[in-house]
Structure formats: C-alpha cells, structure tokens
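Novice: Whatever this is, show me its structure:
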Amino acid sequence: MGGYDFGILWQAGRAVWLGRDPYRVSGFYYPLPVAYIFALLAPLPRQPALWVLMALNLALLGWRLRRQIVERALYFPLLHLFSSGQVDLVLWALGSRLRTGWRSALAGAVITLKPQVAFIVLPWTLWRWLREDRGTLGMWAALPVGLWGCLLPIDPTWPRRWQAVVPPLGSLSRGNSPGLWSLERLWPRAWPVLLALSAAAFVWGLFQSRPVELGGHYPGQSIWDVLRPAGVNGGRPALVDGPRLLGRGGLVPVVAGDLSLAAHPAGGDSVSLLS
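Specialist: A predicted model of the protein is given here:
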C-alpha cells in the first residue's frame, strides 16, 4: 500500500499547518481534531512522517502482543493496516485497555474520532459500563463533547464541512461490509432479513455476561463482526485475535473485513480488541 491512507492524513495535517481547509484534501473524512493531531507530523516530509507512525504502530504491537508479535505480524489484515499507514492499530491499543476509570473513558473518547470503528468497538464496553460502572460511563459521555467541540471556537463551521464530504452511509455497508451484508449486492431486497439477523445478534451479544471458550471473546461480539451492517476495511484490527476465535489448536479460518479468509495457527494468550 505504500502508506496511501497515511498520505491523506498527512496532507490534512499539512493543510492545518499551512492554514488551509483540510476538507479540501481528497479522501479526508475524519473529524477536524484528527487533522490537528496529524499537524504534529506536518513539519516532516511525508516519508519520514510515515516512518514515525510505523514505529509507533510497531511499538504498540510489541507492547500488546509481546512474544506473539512475529506470529501475528504475518496475519495479512494486520500487515495491510501497518503498510497503509492507518490509525486503527492505535485505536486497537486503546480499545484493548478499556477497563474502568478516567483513562479508559479518555481512550473511549479518542476512539470516537473514527466513528465507523467506534460503532464496531464501543457498544460492548458502553453496555458493560452502564451495567457495572456508571461513573466511567459518565466521564466517557462528557469527554467526546470536549474532544469534538474543542475546535468550535476557532472554526465553528467544521461540522458542516465534514458532513458535506463524508460518503453516504451505503458506502460503509455494501462496499466494505463483512459477512452476510455483502449478500445485499446480489439480492438488494434481502436487507430486512439481514437487519433482523444483525439486531438479534447484537442484542443477544449484549446480554452475554462473561466470555466463553472462544479465545476470551464474548460470543455475540464474534458473531456481530460477521453480521454487522456497517463495514470498514480499517476495522480489521478487531480480528487481530482471529486465531483464537475457535479456541486452541488447529488452523482457524478468519473472516476479514472484505470476506477474505486467512488460515492462521491458534494458541497463545488472547489479545482482543473487543473483549
């Protein structure tokens, strides 16, 4: 990929650095705070800036995967994210630390800066906080307001400009959706059935009180990745722990963001974005 996705983010940060509108950068669909974050790399040329992000991603992988880093680094969806310069590995590291307290609430707020990933990752944690830790839930509810609204005093029109460039919701379902929703391409009228299946899987998954022997995953979370209507290729870190989905031993076929199948040896400690 040669850092293609990172190039868009770097150009948006560069636009902020030069006092220009980042929403004139083709392909930049993120909230404005993301452009300001990448403005920190804007003084660097594109390639050295990409190396900085790759070094950060590699450090995060080493921190979370430890001795499994070589095995998991050969997993194609992970290689795709690494080589394209996406931010999802950073979000995966934050998502894997969602426990309790203000640090977890802040991590959850940062994840909202990529809404399509937040839609996949956060519902399970928010539901757990609602049931067990409403203090952390309250902090989380307040922090995104500050994070998203901090730039309104200096650029009050950015939400409208952002909304104008974001692709239609359909492009996040038909084009990139994993699992059953890809069947909508073949049978457009199937959406009521697919929606019912997605809703049933989501509600059932919310009421699983603890992980079962699926590599430490809540079963509903694993099923939701196949049934969710909104799909993003960048959501693949959710399956970083795909080898553990069916327990120990053997080769496990893992459904990735574009319905590709990856056979990967199982075993080892679970490092799950969604658990």
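Novice: only C-alpha atoms for contact and neighbour calcs from this point on.
Specialist: OK.
Novice: ok, now which ones touch the nearest residue to Ala107 once chain neighbours are set aside?
Specialist: Spatially, and ignoring its direct neighbours in sequence, Ala107 is nearest to Leu94 (5.5 Å; C-alpha to C-alpha, 6 or more residues apart in numbering). Residues counted as contacts of Leu94 (C-alpha atoms under 8 Å, 6 or more residues apart in numbering) are 107-108, 111.
Novice: how far away is Leu94 from Ala15?
Specialist: As defined by C-alpha to C-alpha, to the nearest Å, Leu94 lies at a distance of 27 Å from Ala15.
Novice: what's the answer for Pro31, then?
Specialist: Distance, Pro31 to Ala15, by C-alpha to C-alpha: 14 Å.
Novice: Please apply the same query to Val145.
Specialist: From Val145 to Ala15 the distance is 24 Å (C-alpha to C-alpha).
Novice: Would you tell me which helix is longest in the protein?
Specialist: Ordering each helix of the chain by length in residues (DSSP state H) puts helix 46-65 first.
Novice: Which one of Val145 and Ala15 is surrounded by more residues?
Specialist: More crowded of Val145 and Ala15, by other C-alpha atoms under 10 Å: Ala15, with 21 against 11.
Novice: Could you find the closest non-adjacent residue to the more buried one?
Specialist: Pro22 (5.2 Å).
Novice: show me what contacts the one you found?
Specialist: Counting by C-alpha under 8 Å, 6+ apart, Pro22 makes contact with 11-13, 15-16, 28, 32, 35.
Novice: Using JSON lines, lay out these together with secondary structure, pLDDT and distance to Arg185.
Specialist: Below are those laid out as JSON lines (DSSP: H, G, I helix; E, B strand; the rest coil; pLDDT from 0 to 100; distance: C-alpha to C-alpha, whole Å):
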{"residue": "Gln11", "secondary structure": "helix", "pLDDT": "96", "distance to Arg185": "33"}
{"residue": "Ala12", "secondary structure": "helix", "pLDDT": "96", "distance to Arg185": "33"}
{"residue": "Gly13", "secondary structure": "helix", "pLDDT": "96", "distance to Arg185": "36"}
{"residue": "Ala15", "secondary structure": "helix", "pLDDT": "97", "distance to Arg185": "37"}
{"residue": "Val16", "secondary structure": "helix", "pLDDT": "96", "distance to Arg185": "38"}
{"residue": "Phe28", "secondary structure": "coil", "pLDDT": "94", "distance to Arg185": "26"}
{"residue": "Leu32", "secondary structure": "helix", "pLDDT": "96", "distance to Arg185": "33"}
{"residue": "Ala35", "secondary structure": "helix", "pLDDT": "96", "distance to Arg185": "34"}
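Novice: Among these, which one has the most neighbours?
Specialist: When neighbours are taken as other C-alpha under 10 Å, the top entry among the contacts of Pro22 is Ala12 (31 neighbours).
Novice: Spell out the secondary structure type for Gly19.
Specialist: With DSSP: H, G, I helix; E, B strand; the rest coil as the basis, Gly19 sits in coil.
Novice: distance of it from Pro156?
Specialist: Distance, Gly19 to Pro156, using C-alpha to C-alpha: 15 Å.
Novice: Neighbour count: these two, which is higher?
Specialist: Pro156 (12 against 9).
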